[in-house]
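Engineer: Have a look at this fold, sequence not included:
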């Protein structure tokens with residue numbers, strides 16, 4: 001089919017010799033022994049640090065840097081013996097004996113002894129009548145001040161909680177609780193859940209890849225790449241943690257993304273190499289593969305990195321370092337895909353098809369089934385477009401009622417010591433007792449501040465002002481809310497306190513830190529979304545050199561992301577399917593979800609967009625025919641997209657088996673996002689849009705072509 005004259009000048013020249021990536025890939029084959037040697041040394045060096053990744057990384061960091069609540073915590077640690085939100089509260093309870101009983105007093109002394117001599121703990125405050133001794137005198141709370149950073153305090157609790165809980169007897173119960181203990185217990189539960197999910201996902205992943213490739217050797221290559229990326233990422237995070245605290249969650253997400261994207265990229269490269277190998281020697285086949293599929297992988301990796309880089313704007317250490325962890329994993333996987341994988345393919349050559357299943361001998365890179373599917377979409381575009389868009393919009397609509405908040409105590413298992421202590425404090429002291437708000441004020445204003453705070457709706461008690469231990473001009477008050485710390489009204493209570501108290505008063509405490517972090521996440525969400533959308537569009541524009549399809553690719557990725565969050569609202573906020581999935585809904589989505597999951601989902605969505613459209617662009621450059629671009633683009637990439645999506649869904653959904661709620665949220669939301677994106681966007685809506693826009697999808701004005709770098713996918 002001849003091109004219209006207006007579009008003739010948009011054709012790229014046919015590539016007759018390898019480009020930069022093709023030459024680089026061929027060089028990896030030529031010098032493969034050096035490549036293997038360098039990677040072996042790097043993996044030994046980084047791998048030596050990798051085993052300590054879960055014990056050395058930071059356990060806290062969930063705060064809004066620069067917020068009022070963080071100021072209060074820092075002042076409390078500096079002037080009040082560490083009696084801050086990071087302090088450890090040890091609940092000692094007996095059903096039969098009172099606090100004055102000799103055995104209980106001995107237990108309290110033993111608890112204090114555990115903290116003695118450890119410089120990470122500050123002032124020890126024994127249970128005080130009217131404050132930390134329950135009305136029936138059967139429960140007391142010993143406070144061990146925080147004399148170190150929040151991350152170090154979590155590790156400190158890790159070190160002593162076993163010794164503390166061992167002090168329990170048949171008559172006396174001992175439970176460490178408080179913010180530091182919460183993160184300690186949650187990180188343990190989260191780590192166990194991640195390991196369990198990985199153990200489930202690896203065999204399932206291998207089975208899917210064997211079915212996709214039809215060859216045990218070809219299926220093993222993505223796992224080789226993923227292992228290299230995981231080991232390098234783990235070691236890199238441990239070393240980076242020596243420079244700046246890195247959240248242990250960074251490794252959790254890095255593991256998941258290294259597995260998902262490592263397999264994703266390897267699938268695309270290996271599938272293309274096996275096709276190129278039919279007509280070329282291994283070195284030339286690698287060059288052709290890296291010039292085409294390799295180019296798409298690089299652009300996809302850059303898209304993922306750019307999307308996640310926007311999260312670095314959020315002033316929360318844990319959120320930033322989670323993004324850093326994923327970016328590091330993606331970077332290592334990308335480098336391995338560009339160096340180690342080409343070298344391995346060149347070394348294997350035709351042996352990449354070894355140990356093939358019978359059906360694989362008839363398997364071609366151009367899938368007849370996906371070609372037929374592409375023809376069907378070309379003949380009947382509108383019904384498919386209407387149905388897929390209708391489903392996505394219907395699923396996205398619930399997002400309008402989405403509520404977010406920081407996790408409650410229910411995110412830790414019921415048998416965790418911190419939760420048992422928390423519930424005991426509530427039973428003995430009132431619903432709001434575990435979430436005391438701390439007020440630091442100049443001593444001259446202390447009495448008036450206490451009087452005003454006691455009149456604020458939702459405050460059940462205000463403790464007498466406590467003078468600073470170092471003699472400075474500060475006083476500390478504890479305002480006990482009448483509601484659970486995760487109650488919706490806590491935000492109003494905090495705002496009323498900050499509004500009505502003197503300007504010199506600062507209000508903090510664990511609930512305030514959560515609310516300040518939530519506010520920061522809400523404030524930065526539109527900024528992060530805007531940056532991701534703009535940068536995603538720019539990268540697609542650079543990759544495809546076509547503004548219309550770059551814009552459409554960005555819009556449909558946004559649509560699938562909204563649909564995933566709509567499903568998240570139905571499951572985690574409204575509780576649909578909660579009994580089947582084995583959790584109790586909190587009535588909201590965890591507060592860090594929208595910012596972080598948006599970046600992750602959009603990155604994955606753009607990943608598939610690049611794979612499909614890069615393949616379509618390659619065929620358009622060869623033929624100049626939009627139908628060929630649409631049908632052959634789907635025929636050559638459909639099987640890989642389907643297999644990669646199956647792997648990702650399997651990896652993500654295994655996290656739904658975990659007990660802690662946040663990993664469950666992560667697995668289900670990301671799994672649903674990939675499922676919707678692959679089935680409704682990449683395999684239906686985007687090919688239909690290529691059909692409906694025809695030549696216009698690939699048109700580019702002359703002035704734009706002069707501005708953009710020249711990128712061609714043809715070989």
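Structural biologist: Here it is on my side, so go on. These numbers were taken from a predicted model, which means no experiment stands behind them.

Engineer: quick one: the strands in the chain?
Structural biologist: Here the chain has its strands, by DSSP state E, at 88-94, 121-125, 139-146, 172-177, 404-405, 437-442, 459-462, 466-467, 474-481, 506-508, 589-590.

Engineer: can you redo those as JSON lines with mean pLDDT?
Structural biologist: Formatted as JSON lines, the strands of the chain follow (pLDDT from 0 to 100):
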{"stretch": "strand 88-94", "mean pLDDT": "96"}
{"stretch": "strand 121-125", "mean pLDDT": "94"}
{"stretch": "strand 139-146", "mean pLDDT": "96"}
{"stretch": "strand 172-177", "mean pLDDT": "96"}
{"stretch": "strand 404-405", "mean pLDDT": "89"}
{"stretch": "strand 437-442", "mean pLDDT": "97"}
{"stretch": "strand 459-462", "mean pLDDT": "95"}
{"stretch": "strand 466-467", "mean pLDDT": "94"}
{"stretch": "strand 474-481", "mean pLDDT": "96"}
{"stretch": "strand 506-508", "mean pLDDT": "97"}
{"stretch": "strand 589-590", "mean pLDDT": "90"}
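
Engineer: Residue 62: which of those strands is closest?
Structural biologist: Distance to residue 62, taken as CB to CB, is lowest for strand 589-590 among the strands of the chain, at 10.7 Å. In short, each C-beta sits where N, CA and C put it, glycine included.

Engineer: Give me the sheet partners of that closest one and which way each runs.
Structural biologist: In the sheet, strand 589-590 lines up against strand 404-405 (parallel) (DSSP bridges).

Engineer: I'd like to check what contacts the strand it pairs with. Which residues are they?
Structural biologist: Contact with strand 404-405 is made by 486, 488, 514, 518, 521-522, 586, 588-591, 593-594, as judged by CB atoms under 8 Å, 6 or more residues apart in numbering.

Engineer: With respect to residue 265, which of those is nearest?
Structural biologist: Closest to residue 265, out of all of the contacts of strand 404-405 and judged by CB to CB, is residue 593, at 26.1 Å.

Engineer: I'd like to know how many residues surround that closest one.
Structural biologist: 21 (other CB atoms under 10 Å).

Engineer: Could you check how far it is from residue 521?
Structural biologist: 9 Å (CB to CB, to the nearest Å).

Engineer: distance between stretch 479-495 and the chain's centre?
Structural biologist: 28 Å (CA atoms, centre = their mean, to the nearest Å).

Engineer: ugh, typo on my part, it should be stretch 457-466
Structural biologist: 38 Å.

Engineer: buried stuff in that stretch?
Structural biologist: Within stretch 457-466, the residues that count as buried by 16 or more other CB atoms under 10 Å are 458-459, 461-463, 465-466.

Engineer: Do me a favour and get the end-to-end distance for it?
Structural biologist: Between the opening and closing residues of stretch 457-466 lies a distance of 23 Å (CA to CA, to the nearest Å).

Engineer: which residues touch that stretch?
Structural biologist: 80, 83, 131, 430, 432, 437, 441, 443, 446-447, 449-450, 453-454, 475-483, 489-490, 492-493, 496-497.

Engineer: Make a ChimeraX selection of the buried ones in these.
Structural biologist: Selection of buried members from these for ChimeraX, criterion 16+ other CB under 10 Å:
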select :80,83,131,430,432,437,441,446,449,450,453,475,476,477,478,479,480,481,482,483,490,493,496,497
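
Engineer: re the thing from before, now, which of the contacts of strand 404-405 lie within helices?
Structural biologist: 514, 518, 521-522, 593-594 (DSSP state H).

Engineer: out of the residues you listed, who's nearest residue 706?
Structural biologist: residue 594 (39.1 Å).

Engineer: List the residues that contact the nearest residue in space to residue 248 that is not next to it in sequence.
Structural biologist: Using CB to CB, 6 or more residues apart in numbering and skipping residues adjacent in sequence, the residue nearest residue 248 is residue 57, 4.1 Å away. Listed by CB under 8 Å, 6+ apart, the contact set of residue 57 reads 237-238, 241, 245-248, 250-251.

Engineer: Just the local confidence number for the residue nearest the centre of the chain, please.
Structural biologist: By CA atoms, centre = their mean, the chain has its centre lying nearest to residue 253, at 5.0 Å. Per-residue confidence (pLDDT) for residue 253: 81.

Engineer: Then residue 111?
Structural biologist: The predicted structure scores residue 111 at 96 on the pLDDT scale.

Engineer: Hmm, it is touching residue 164, no?
Structural biologist: Yes: shown here, residue 111 and residue 164 form a contact pair, counting by CB atoms under 8 Å, at 6.4 Å.

Engineer: Now list whatever residues contact both of those two.
Structural biologist: With CB under 8 Å, 6+ apart as the test, residue 111 and residue 164 both reach 90, 174.

Engineer: any low-confidence regions in this protein?
Structural biologist: 1-16, 355-365, 714-715 (pLDDT under 70).

Engineer: Please identify the residue most distant from the middle of it.
Structural biologist: Furthest out from the centre of the chain (CA atoms, centre = their mean) sits residue 102, at 49.4 Å.

Engineer: From residue 605, how far out is it?
Structural biologist: 65 Å.

Engineer: do the same with residue 598
Structural biologist: 10 Å.

Engineer: Next, the contact list for the closest residue to residue 604 other than its chain neighbours, please.
Structural biologist: Leaving aside its sequence neighbours, residue 604 sits nearest to residue 674 (CB to CB, 6+ apart; 6.0 Å). Shown in contact with residue 674 (CB under 8 Å, 6+ apart): 604, 645, 648-649, 652.

Engineer: and what of residue 608?
Structural biologist: 641, 644-645, 677-678, 681-682 are the contacts of residue 608 under CB under 8 Å, 6+ apart.

Engineer: same question, residue 502
Structural biologist: 441, 445, 448-449, 452.

Engineer: taking the residues you listed one by one, which sit in helices?
Structural biologist: Using DSSP H, the members of these that fall within helices are 448-449, 452.

Engineer: Nearest to residue 274 among the residues you listed?
Structural biologist: Nearest to residue 274 among the ones in helices among the contacts of residue 502, with distances taken as CB to CB, is residue 449, at 72.8 Å.

Engineer: thinking that closest one is in contact with residue 440, fair?
Structural biologist: No: contact criterion CB under 8 Å: residue 449 and residue 440 do not qualify, at 9.6 Å.
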